[in-house]
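Novice: Following is a predicted model, sequence given first.
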There are 2 protein chains.
Amino acid sequence: MRENLTRVIEDYLKTIYDLTASGERASTNQIAERMDVTPASVTNMIQKLAETQPPLLDYRKHRGVKLTPEGEKVALEIIRHHRLLEMFLHQTLGYSWDEVHEEADRLEHVISEEMEERIAASLGNPQYDPHGDPIPTRDLHLPESDEISLSQLRPPQEARVKRVRDSDPDLLRYLSEMGIEPASHLAILEYSPFDNNIKVQIEGKSSPVVLGPRVTNQVFVEVIS
Amino acid sequence: MRENLTRVIEDYLKTIYDLTASGERASTNQIAERMDVTPASVTNMIQKLAETQPPLLDYRKHRGVKLTPEGEKVALEIIRHHRLLEMFLHQTLGYSWDEVHEEADRLEHVISEEMEERIAASLGNPQYDPHGDPIPTRDLHLPESDEISLSQLRPPQEARVKRVRDSDPDLLRYLSEMGIEPASHLAILEYSPFDNNIKVQIEGKSSPVVLGPRVTNQVFVEVIS
DNA sequence: ATTTATTTTTGAATTAGGCTAAAAATCCTG
DNA sequence: CAGGATTTTTAGCCTAATTCAAAAATAAAT
């Protein structure tokens, strides 16, 4: 349906999808920072994307943007590419989970629907990528999920890791060293106010570790009742 | 060494590599036709590429271009990507040999050296792609080869297929239907002058077929002495 | 409710790549 | 070797995406 979209446009839509996941509109500055361009560039582009027929963005001057259904469809298509590629690079080419993001970011814009389907089939239509992010289905649906951030847990709660933010390779290496990855089981032992540290016992490890908010904000879990 | 090259530049260099394989310089018009742009665009670009430091092209006004050693290095790097990708898509994702070219043409510009190496390793460092084209080695060497076009054979010569031009999917489907692919054994039964047809017995087939020059010019063989 | 600070938008320029139309070289033919 | 045909180059313009600097809105604070 909607063909002649450039890589750059696809990147804008993906970024806006991400920023508006909470329900809030995305501001010009937020987008500019994420994409490492100036706010002026963003204003230009979002005005353009709001004037396509049909429009990809809902833009209100000085009020930021959100995706239209059209825009969301494009974003989800790219996100499906990205997450399938991450899984494929991990499973088929032996990439570690901290290496897949950057490669997938370039490949996601150039693979055909044919390749998307072949990758999905060869992996058995996976539902999650190596970081636990859900992969949109072929018809672009995403499962609802009620994960909460690890930073919100308090002793003596227990939880299962569902998902880890994938953007920082160093953090990912640190996490896998400690044994935190999707499906890991965690028990919260202590909470320190002010610095917001929590002490956590990780399944299979002999001694607990203390994690600060720079880490716990990036890890999402399901509480075990 | 040489980083900020765009996809477009990489495509120009690849095209020029191809056109100059014979030793001749590539003309502006030839390049324009292959790349489906106007000759004016080509003049612009080749002048630019001849002025980079170090230059990627040897350009002489009205005399066409050839690659400098620098330019050739870039071209071979892309060709290595392309042919490894063709093999990978074929072997790992089950693409047929007529489908791989187009996909590889887009992927070749975006894969990292890391991915190149992982693909090569996962395939066991193949030397040829599915059409029989040699894959440049990691240090960008290509084996010399003395293939000749099938159109040059005369009865009662016999030959082994080494390589098939990969640019036309319809031709490729036609060839595989007939059992012509790298390693196929052929015996030339008849030659018709004027129309340049040859009648060929293909190994494993019950009856011979007549092939015209539109086909035989695209197939390269090694004569069996 | 003004002033100040922050965010967003506007306007003018830039870079990469391409196009058209016209001018200039080279090639070909008689 | 002159004149026409073909090829190549030049010159000017276009679009996509960006930047910077200045202007305009919005938000925050006294």
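Specialist: Everything's here; your move. Residues are numbered from 1 along each chain as shown, chains lettered A, B, ... in the order given.

Novice: Spell out whether the helix ranked longest in chain A and chain B are in contact.
Specialist: In terms of residue count, the longest helix belonging to chain A (DSSP state H) is helix A:69-93. Yes. Contact between helix A:69-93 and chain B is present through A:Leu89, A:Thr92, A:Leu93 (criterion: Cβ under 8 Å from any Cβ of the partner chain). Every C-beta, even on glycine, is put in place using the N, C-alpha and C of the backbone.

Novice: mind putting those in TSV, pLDDT and neighbour count included?
Specialist: Below are these laid out as TSV (pLDDT from 0 to 100; neighbours: other Cβ atoms under 10 Å in any protein chain shown):
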residue	pLDDT	neighbour count
A:Leu89	98	25
A:Thr92	97	17
A:Leu93	98	19
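
Novice: Which of the residues you listed sits closest to DNA strand D?
Specialist: Proximity to DNA strand D was ranked across those by Cβ to the nearest atom of the strand; first place goes to A:Leu89, at 24.8 Å.

Novice: Report the spatially closest residue to that closest one, excluding sequence-adjacent ones.
Specialist: A:Tyr95 (4.2 Å; Cβ to Cβ, 6 or more residues apart in numbering or on different chains).

Novice: which ones are touching the closest residue to A:Ile135 other than its chain neighbours?
Specialist: What sits nearest to A:Ile135 in space, not counting adjacent residues and going by Cβ to Cβ, 6+ apart, is A:Arg83, at 4.3 Å. Contacts here follow Cβ atoms under 8 Å, 6 or more residues apart in numbering or on different chains; on that basis A:Arg83 touches A:Ala104, A:Tyr128, A:Asp129, A:Asp133, A:Pro134, A:Ile135, A:Pro136.

Novice: among those residues, who's most crowded?
Specialist: Neighbour counts for the contacts of A:Arg83 were taken using other Cβ atoms under 10 Å in any protein chain shown; the highest belongs to A:Asp129, which has 26 neighbours.

Novice: my guess is that one contacts A:Gln91, does it?
Specialist: No. A:Asp129 sits out of contact with A:Gln91 when judged by Cβ atoms under 8 Å, with a separation of 10.2 Å.

Novice: shared neighbours of the two, anything?
Specialist: In contact with both A:Asp129 and A:Gln91: no residue, using Cβ under 8 Å, 6+ apart.

Novice: what's the neighbour count on A:His109?
Specialist: Here the number of neighbours of A:His109 (other Cβ under 10 Å) works out to 19.

Novice: doesn't A:Leu5 make contact with it?
Specialist: No. Assessed by Cβ under 8 Å, A:His109 is found out of contact with A:Leu5, at 9.1 Å.

Novice: Just the strands from chain A, written as ranges.
Specialist: Taking DSSP state E as the criterion, chain A carries its strands at A:57-59, A:65-67, A:148-149, A:158-164, A:185-192, A:197-202, A:209-211, A:219-224.

Novice: Which one of those strands lies nearest to DNA strand C?
Specialist: With Cβ to the nearest atom of the strand as the criterion, DNA strand C lies closest to strand A:57-59 of the strands of chain A, at 6.8 Å.

Novice: Any residue of the closest one touching DNA strand D?
Specialist: No. When contact is scored as Cβ under 7 Å from any atom of the strand, no part of strand A:57-59 falls within range of DNA strand D; the minimum is 13.0 Å.

Novice: tell me the average confidence for that strand?
Specialist: In this model, strand A:57-59 has a mean pLDDT of 97.

Novice: Return the set of buried residues in the longest helix of chain A.
Specialist: Within helix A:69-93, the residues scored as buried using 16 or more other Cβ atoms under 10 Å in any protein chain shown are A:70-90, A:92-93.

Novice: quick one, it and helix B:69-93 angle?
Specialist: Using axes from the mean of the first three to the mean of the last three Cα atoms, to 10 degrees, the inter-axis angle of helix A:69-93 relative to helix B:69-93 is 90 degrees.

Novice: wait, what's in contact with the spatially closest residue to A:Tyr17 that is not a sequence neighbour?
Specialist: Counting by Cβ to Cβ, 6+ apart, the nearest residue to A:Tyr17 once its immediate chain neighbours are dropped is A:Ala75, at 3.8 Å. With contact taken as Cβ under 8 Å, 6+ apart, A:Ala75 is in contact with A:Leu13, A:Lys14, A:Ile16, A:Tyr17, A:Leu67.

Novice: gap between A:Ala75 and B:Ser96?
Specialist: For A:Ala75, the distance to B:Ser96 (Cβ to Cβ, to the nearest Å) stands at 32 Å.

Novice: that older thread, relative to B:His90, how far out is the residue nearest to A:Leu89?
Specialist: Using Cβ to Cβ, one obtains 21 Å as the distance from A:Tyr95 to B:His90.
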